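**Student:** quick one: sequence and predicted model below, then my questions.
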Amino acid sequence: MQQQEGDNTVSMQPEFLEHAQINPAMEQMFQAMSTMMMQVNHTNQTLMTWLTNQSTGATTSQQKDSRIRPRSFSGLPTEDVLAWLDHFDNVASYHEWHDERKALELRTVLEHVAATWFIQQPEEIKQNWTYLREQLIQHFANNDVTQTALQQLNNLRQQAHEPVAQFAVKMKQLLLRVDPNMKETMKLYFLLPRLRHDIYRRVRDQGPTTFQMAVQIAQRIEAPDYIDLSQPMPPTNNNIQKTIIEPTAGPMDIDVQNAQFSTKKSLPDRDSHGKPRCFYCNGYGHVKKYCRKLAASRHHQNAQIQLADAASLAMEQGNSQAGR
(Lines give C-alpha, C1' and ligand atoms only; values in the text may rest on other atoms or scores of the structure.)
Protein backbone atom coordinates (compact mmCIF):
# COMPACT_ATOMS: atom_id res chain seq x y z
CA MET A 1 0.00 0.00 0.00
CA GLN A 2 1.33 3.48 -0.92
CA GLN A 3 -0.36 6.84 -0.03
CA GLN A 4 0.91 10.34 -1.01
CA GLU A 5 -0.27 13.89 -0.21
CA GLY A 6 1.89 16.85 -1.27
CA ASP A 7 5.50 15.99 -0.48
CA ASN A 8 4.66 13.47 2.23
CA THR A 9 4.75 9.82 1.17
CA VAL A 10 4.02 6.83 3.35
CA SER A 11 5.10 3.54 1.79
CA MET A 12 5.01 -0.07 2.91
CA GLN A 13 7.51 -2.79 2.25
CA PRO A 14 6.21 -5.74 0.19
CA GLU A 15 6.36 -8.11 3.13
CA PHE A 16 4.10 -5.82 5.13
CA LEU A 17 1.77 -5.51 2.14
CA GLU A 18 1.52 -9.27 1.93
CA HIS A 19 0.68 -9.47 5.61
CA ALA A 20 -1.83 -6.63 5.15
CA GLN A 21 -3.53 -8.50 2.36
CA ILE A 22 -3.63 -11.55 4.49
CA ASN A 23 -4.66 -9.72 7.70
CA PRO A 24 -7.27 -6.93 7.20
CA ALA A 25 -6.76 -5.71 10.80
CA MET A 26 -3.13 -4.91 10.11
CA GLU A 27 -4.12 -2.97 6.98
CA GLN A 28 -6.52 -0.80 8.99
CA MET A 29 -3.84 -0.14 11.60
CA PHE A 30 -1.33 1.04 8.96
CA GLN A 31 -3.97 3.30 7.40
CA ALA A 32 -4.67 4.88 10.80
CA MET A 33 -0.94 5.45 11.40
CA SER A 34 -0.60 7.08 7.98
CA THR A 35 -3.50 9.43 8.68
CA MET A 36 -2.02 10.38 12.06
CA MET A 37 1.37 11.20 10.53
CA MET A 38 -0.27 13.47 7.94
CA GLN A 39 -2.17 15.30 10.70
CA VAL A 40 1.03 15.80 12.70
CA ASN A 41 2.79 17.15 9.61
CA HIS A 42 -0.06 19.57 8.93
CA THR A 43 0.02 20.77 12.55
CA ASN A 44 3.76 21.42 12.35
CA GLN A 45 3.38 23.42 9.15
CA THR A 46 0.61 25.52 10.74
CA LEU A 47 2.73 26.19 13.83
CA MET A 48 5.76 27.25 11.76
CA THR A 49 3.62 29.60 9.71
CA TRP A 50 2.22 31.23 12.88
CA LEU A 51 5.69 31.66 14.39
CA THR A 52 6.96 33.24 11.18
CA ASN A 53 4.08 35.71 11.14
CA GLN A 54 4.67 36.59 14.79
CA SER A 55 8.36 37.24 14.16
CA THR A 56 7.59 39.40 11.13
CA GLY A 57 5.00 41.36 13.10
CA ALA A 58 7.41 42.00 15.99
CA THR A 59 10.09 43.23 13.59
CA THR A 60 7.59 45.53 11.92
CA SER A 61 6.41 46.95 15.27
CA GLN A 62 10.00 47.77 16.24
CA GLN A 63 10.57 49.83 13.10
CA LYS A 64 10.38 53.61 13.55
CA ASP A 65 7.75 55.65 11.79
CA SER A 66 9.66 57.58 9.13
CA ARG A 67 6.84 60.14 8.94
CA ILE A 68 7.83 61.55 12.34
CA ARG A 69 10.20 64.36 11.43
CA PRO A 70 11.36 67.57 13.16
CA ARG A 71 9.44 70.63 12.12
CA SER A 72 11.34 73.33 10.23
CA PHE A 73 13.03 76.33 11.83
CA SER A 74 13.29 79.64 10.00
CA GLY A 75 15.11 81.79 12.56
CA LEU A 76 12.41 84.49 12.67
CA PRO A 77 12.06 86.71 15.78
CA THR A 78 8.67 85.16 16.52
CA GLU A 79 10.21 81.68 16.89
CA ASP A 80 11.64 80.32 20.14
CA VAL A 81 14.86 78.54 19.25
CA LEU A 82 15.09 76.86 22.68
CA ALA A 83 11.61 75.36 22.39
CA TRP A 84 12.41 74.23 18.84
CA LEU A 85 15.63 72.56 20.00
CA ASP A 86 13.68 70.67 22.67
CA HIS A 87 11.33 69.46 19.93
CA PHE A 88 14.28 68.45 17.73
CA ASP A 89 15.88 66.50 20.62
CA ASN A 90 12.64 64.63 21.27
CA VAL A 91 12.39 63.51 17.64
CA ALA A 92 16.07 62.57 17.64
CA SER A 93 15.58 60.46 20.78
CA TYR A 94 12.64 58.70 19.13
CA HIS A 95 14.76 57.76 16.10
CA GLU A 96 17.84 57.11 18.30
CA TRP A 97 20.01 59.53 16.32
CA HIS A 98 23.59 60.04 17.46
CA ASP A 99 25.25 63.46 17.37
CA GLU A 100 26.62 63.06 13.84
CA ARG A 101 23.18 62.10 12.56
CA LYS A 102 21.66 65.12 14.37
CA ALA A 103 24.12 67.44 12.60
CA LEU A 104 23.17 65.91 9.24
CA GLU A 105 19.43 66.05 9.89
CA LEU A 106 19.67 69.70 10.95
CA ARG A 107 20.57 70.70 7.40
CA THR A 108 17.20 69.41 6.16
CA VAL A 109 15.00 71.38 8.59
CA LEU A 110 16.57 74.87 8.50
CA GLU A 111 14.86 77.42 6.26
CA HIS A 112 15.14 81.11 5.25
CA VAL A 113 17.30 83.06 7.73
CA ALA A 114 18.40 79.95 9.61
CA ALA A 115 19.44 78.19 6.39
CA THR A 116 21.49 81.24 5.34
CA TRP A 117 23.16 81.32 8.74
CA PHE A 118 24.02 77.61 8.49
CA ILE A 119 25.69 78.05 5.09
CA GLN A 120 27.98 80.72 6.54
CA GLN A 121 29.25 78.45 9.35
CA PRO A 122 32.66 76.74 9.09
CA GLU A 123 32.67 73.11 8.11
CA GLU A 124 33.98 71.93 11.50
CA ILE A 125 30.96 73.52 13.19
CA LYS A 126 28.53 72.04 10.68
CA GLN A 127 29.72 68.54 11.59
CA ASN A 128 29.73 69.04 15.38
CA TRP A 129 26.27 68.92 16.95
CA THR A 130 27.39 70.39 20.29
CA TYR A 131 28.86 73.51 18.63
CA LEU A 132 25.89 73.81 16.29
CA ARG A 133 23.48 73.81 19.19
CA GLU A 134 25.43 76.46 21.10
CA GLN A 135 25.74 78.68 18.02
CA LEU A 136 22.03 78.36 17.25
CA ILE A 137 21.13 79.50 20.77
CA GLN A 138 23.61 82.38 20.81
CA HIS A 139 22.51 83.66 17.40
CA PHE A 140 18.72 83.19 17.51
CA ALA A 141 17.81 83.44 21.20
CA ASN A 142 16.36 86.92 21.82
CA ASN A 143 16.44 88.93 25.04
CA ASP A 144 12.70 88.58 25.66
CA VAL A 145 13.01 84.80 25.87
CA THR A 146 15.95 85.10 28.27
CA GLN A 147 14.17 87.55 30.56
CA THR A 148 11.03 85.43 30.61
CA ALA A 149 13.04 82.32 31.44
CA LEU A 150 14.88 84.17 34.22
CA GLN A 151 11.60 85.29 35.75
CA GLN A 152 10.19 81.77 35.58
CA LEU A 153 13.38 80.45 37.15
CA ASN A 154 13.12 82.83 40.09
CA ASN A 155 9.52 81.75 40.73
CA LEU A 156 10.20 78.03 40.33
CA ARG A 157 9.93 75.87 43.47
CA GLN A 158 9.69 72.13 43.96
CA GLN A 159 6.19 71.26 45.10
CA ALA A 160 5.40 69.01 48.06
CA HIS A 161 4.73 65.82 46.09
CA GLU A 162 6.75 66.63 42.95
CA PRO A 163 9.48 64.08 42.10
CA VAL A 164 13.03 65.38 41.94
CA ALA A 165 13.52 64.07 38.38
CA GLN A 166 10.50 66.00 37.09
CA PHE A 167 11.58 69.18 38.86
CA ALA A 168 15.16 68.83 37.56
CA VAL A 169 13.94 68.65 33.94
CA LYS A 170 12.05 71.93 34.29
CA MET A 171 14.99 73.55 36.05
CA LYS A 172 17.45 72.39 33.37
CA GLN A 173 15.29 73.77 30.55
CA LEU A 174 15.03 77.18 32.20
CA LEU A 175 18.77 77.27 32.91
CA LEU A 176 19.43 76.53 29.26
CA ARG A 177 17.19 79.39 28.22
CA VAL A 178 18.84 81.82 30.63
CA ASP A 179 22.43 80.93 29.68
CA PRO A 180 23.39 77.91 27.55
CA ASN A 181 26.98 78.15 28.82
CA MET A 182 26.13 78.58 32.51
CA LYS A 183 28.77 77.26 34.90
CA GLU A 184 28.02 74.45 37.32
CA THR A 185 28.40 76.73 40.33
CA MET A 186 25.64 79.01 39.03
CA LYS A 187 23.42 76.02 38.25
CA LEU A 188 23.80 74.85 41.85
CA TYR A 189 23.11 78.41 43.03
CA PHE A 190 19.72 78.26 41.32
CA LEU A 191 18.94 74.60 42.02
CA LEU A 192 19.63 74.03 45.72
CA PRO A 193 17.41 76.75 47.30
CA ARG A 194 14.50 75.73 45.06
CA LEU A 195 14.44 72.13 46.25
CA ARG A 196 12.08 71.12 49.03
CA HIS A 197 13.41 72.31 52.39
CA ASP A 198 13.90 68.81 53.80
CA ILE A 199 15.85 67.74 50.69
CA TYR A 200 17.79 71.00 50.25
CA ARG A 201 19.54 70.81 53.64
CA ARG A 202 20.69 67.21 53.16
CA VAL A 203 21.90 67.80 49.59
CA ARG A 204 23.79 70.91 50.66
CA ASP A 205 25.50 69.04 53.52
CA GLN A 206 26.92 66.46 51.07
CA GLY A 207 28.59 69.21 49.00
CA PRO A 208 27.73 68.41 45.35
CA THR A 209 29.94 70.06 42.73
CA THR A 210 27.74 69.64 39.64
CA PHE A 211 24.09 69.97 38.76
CA GLN A 212 23.77 66.28 37.89
CA MET A 213 25.45 65.20 41.13
CA ALA A 214 23.03 67.30 43.17
CA VAL A 215 20.05 65.78 41.32
CA GLN A 216 21.33 62.24 41.96
CA ILE A 217 21.79 62.95 45.67
CA ALA A 218 18.29 64.45 45.89
CA GLN A 219 16.80 61.37 44.19
CA ARG A 220 18.49 59.09 46.72
CA ILE A 221 17.18 61.22 49.57
CA GLU A 222 13.58 61.13 48.35
CA ALA A 223 13.68 57.31 48.02
CA PRO A 224 11.46 55.54 50.61
CA ASP A 225 14.34 53.39 51.90
CA TYR A 226 16.73 56.33 52.48
CA ILE A 227 18.29 56.50 55.96
CA ASP A 228 19.68 59.83 57.15
CA LEU A 229 22.77 58.98 59.20
CA SER A 230 23.07 62.57 60.43
CA GLN A 231 19.85 62.23 62.45
CA PRO A 232 19.91 60.59 65.93
CA MET A 233 18.78 56.99 65.96
CA PRO A 234 15.45 56.24 67.68
CA PRO A 235 15.78 54.79 71.21
CA THR A 236 15.90 51.03 71.50
CA ASN A 237 14.30 48.88 74.19
CA ASN A 238 17.60 48.74 76.09
CA ASN A 239 17.84 52.53 76.14
CA ILE A 240 14.25 52.85 77.34
CA GLN A 241 14.80 50.29 80.07
CA LYS A 242 18.00 52.01 81.16
CA THR A 243 16.18 55.32 81.29
CA ILE A 244 13.51 53.85 83.54
CA ILE A 245 15.93 52.09 85.87
CA GLU A 246 18.42 54.95 86.06
CA PRO A 247 16.43 58.20 85.90
CA THR A 248 18.26 61.49 85.73
CA ALA A 249 17.90 63.63 88.82
CA GLY A 250 15.97 66.83 88.14
CA PRO A 251 15.51 69.94 90.29
CA MET A 252 12.42 68.51 92.02
CA ASP A 253 14.27 65.28 92.83
CA ILE A 254 17.09 67.27 94.39
CA ASP A 255 14.62 69.19 96.60
CA VAL A 256 13.02 65.96 97.75
CA GLN A 257 16.42 64.51 98.58
CA ASN A 258 17.31 67.63 100.60
CA ALA A 259 14.03 67.45 102.46
CA GLN A 260 14.56 63.79 103.25
CA PHE A 261 18.08 64.55 104.46
CA SER A 262 16.80 67.39 106.67
CA THR A 263 14.12 65.13 108.13
CA LYS A 264 16.62 62.44 108.93
CA LYS A 265 18.93 65.03 110.46
CA SER A 266 16.16 66.44 112.73
CA LEU A 267 15.20 63.08 114.22
CA PRO A 268 16.38 62.68 117.87
CA ASP A 269 19.12 60.32 118.91
CA ARG A 270 18.20 57.20 120.85
CA ASP A 271 19.95 55.27 123.61
CA SER A 272 20.62 51.55 123.68
CA HIS A 273 17.02 50.88 124.75
CA GLY A 274 15.59 52.93 121.91
CA LYS A 275 14.48 55.88 124.03
CA PRO A 276 14.72 59.30 122.33
CA ARG A 277 16.92 62.10 123.56
CA CYS A 278 15.29 65.45 124.44
CA PHE A 279 16.66 68.42 122.55
CA TYR A 280 15.96 70.74 125.55
CA CYS A 281 17.37 68.91 128.57
CA ASN A 282 19.36 66.26 126.70
CA GLY A 283 17.74 63.60 128.81
CA TYR A 284 16.55 60.26 127.37
CA GLY A 285 13.05 58.91 127.59
CA HIS A 286 11.10 61.82 126.16
CA VAL A 287 11.18 64.47 123.47
CA LYS A 288 11.24 68.23 123.76
CA LYS A 289 7.48 68.50 123.34
CA TYR A 290 6.84 66.56 126.54
CA CYS A 291 9.86 67.75 128.55
CA ARG A 292 8.90 68.65 132.16
CA LYS A 293 11.83 71.02 132.58
CA LEU A 294 10.70 72.92 129.50
CA ALA A 295 7.16 73.10 130.90
CA ALA A 296 8.43 74.33 134.30
CA SER A 297 10.62 76.91 132.61
CA ARG A 298 7.70 78.17 130.56
CA HIS A 299 5.48 78.26 133.70
CA HIS A 300 8.13 80.25 135.56
CA GLN A 301 8.47 82.67 132.65
CA ASN A 302 4.72 83.16 132.59
CA ALA A 303 4.65 83.83 136.32
CA GLN A 304 7.41 86.40 135.98
CA ILE A 305 5.51 88.09 133.18
CA GLN A 306 2.31 88.17 135.24
CA LEU A 307 4.19 89.58 138.28
CA ALA A 308 5.77 92.29 136.20
CA ASP A 309 2.40 93.19 134.72
CA ALA A 310 0.85 93.42 138.21
CA ALA A 311 3.67 95.63 139.47
CA SER A 312 3.36 97.90 136.51
CA LEU A 313 -0.39 98.15 137.02
CA ALA A 314 0.02 98.99 140.74
CA MET A 315 2.58 101.64 139.94
CA GLU A 316 0.24 103.27 137.48
CA GLN A 317 -2.61 103.31 140.00
CA GLY A 318 -0.31 104.90 142.68
CA ASN A 319 0.77 107.60 140.33
CA SER A 320 -2.79 108.39 139.40
CA GLN A 321 -3.83 108.77 143.08
CA ALA A 322 -0.83 111.05 143.86
CA GLY A 323 -1.81 113.29 141.06
CA ARG A 324 -5.23 113.87 142.47
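**Tutor:** Nice, I can see it. Residues are numbered from 1 along each chain as shown.
**Student:** any weak-confidence spans in the chain?
**Tutor:** 1-23, 53-63, 142-145, 226-268, 310-312, 314-324 (pLDDT under 70).
**Student:** and the strands in it?
**Tutor:** Taking DSSP state E as the criterion, the chain carries its strands at 2-5, 8-11.
**Student:** number of residues surrounding Glu123?
**Tutor:** Residues near Glu123, counting by other CB atoms under 10 Å, number 7. For glycine as for every other residue, the C-beta is placed from the backbone atoms N, C-alpha and C.
**Student:** no wait, Arg157
**Tutor:** Taking other CB under 10 Å as the definition, Arg157 ends up with a neighbour count of 12.
**Student:** what's near enough to touch it?
**Tutor:** Contacts for Arg157 (CB atoms under 8 Å, 6 or more residues apart in numbering) come out as Arg194.
**Student:** got the contact list for Gln173?
**Tutor:** Counting by CB under 8 Å, 6+ apart, Gln173 makes contact with Leu82, Asp86.
**Student:** and it, how far from Tyr189?
**Tutor:** For Gln173, the distance to Tyr189 equals 17 Å [CB to CB, to the nearest Å].
**Student:** now do Lys102
**Tutor:** 30 Å.
**Student:** list the contacts of Gln28.
**Tutor:** Contacts here follow CB under 8 Å, 6+ apart; on that basis Gln28 touches nothing.
**Student:** biggest helix in this structure by residues?
**Tutor:** Secondary structure of the chain read by DSSP state H shows that its longest helix is helix 24-62.
**Student:** chain center to it: distance?
**Tutor:** The chain centroid and the centroid of helix 24-62 are separated by 57 Å under CA atoms, centre = their mean, to the nearest Å.
**Student:** same check on stretch 177-185?
**Tutor:** For stretch 177-185, the separation from the chain centroid amounts to 27 Å (computed by CA atoms, centre = their mean).
**Student:** mind listing what's buried along that stretch?
**Tutor:** Buried residues in stretch 177-185, counting neighbours by 16 or more other CB atoms under 10 Å, are found at Arg177, Val178, Pro180.
**Student:** now these as a markdown table including distance to Asp80?
**Tutor:** Shown next, in a markdown table, are those (distance: CB to CB, whole Å):
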| residue | distance to Asp80 |
| --- | --- |
| Arg177 | 9 |
| Val178 | 14 |
| Pro180 | 14 |
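**Student:** and of those, the nearest to Gln121?
**Tutor:** Using CB to CB, Pro180 is the member of those that lies nearest Gln121, at 16.6 Å.
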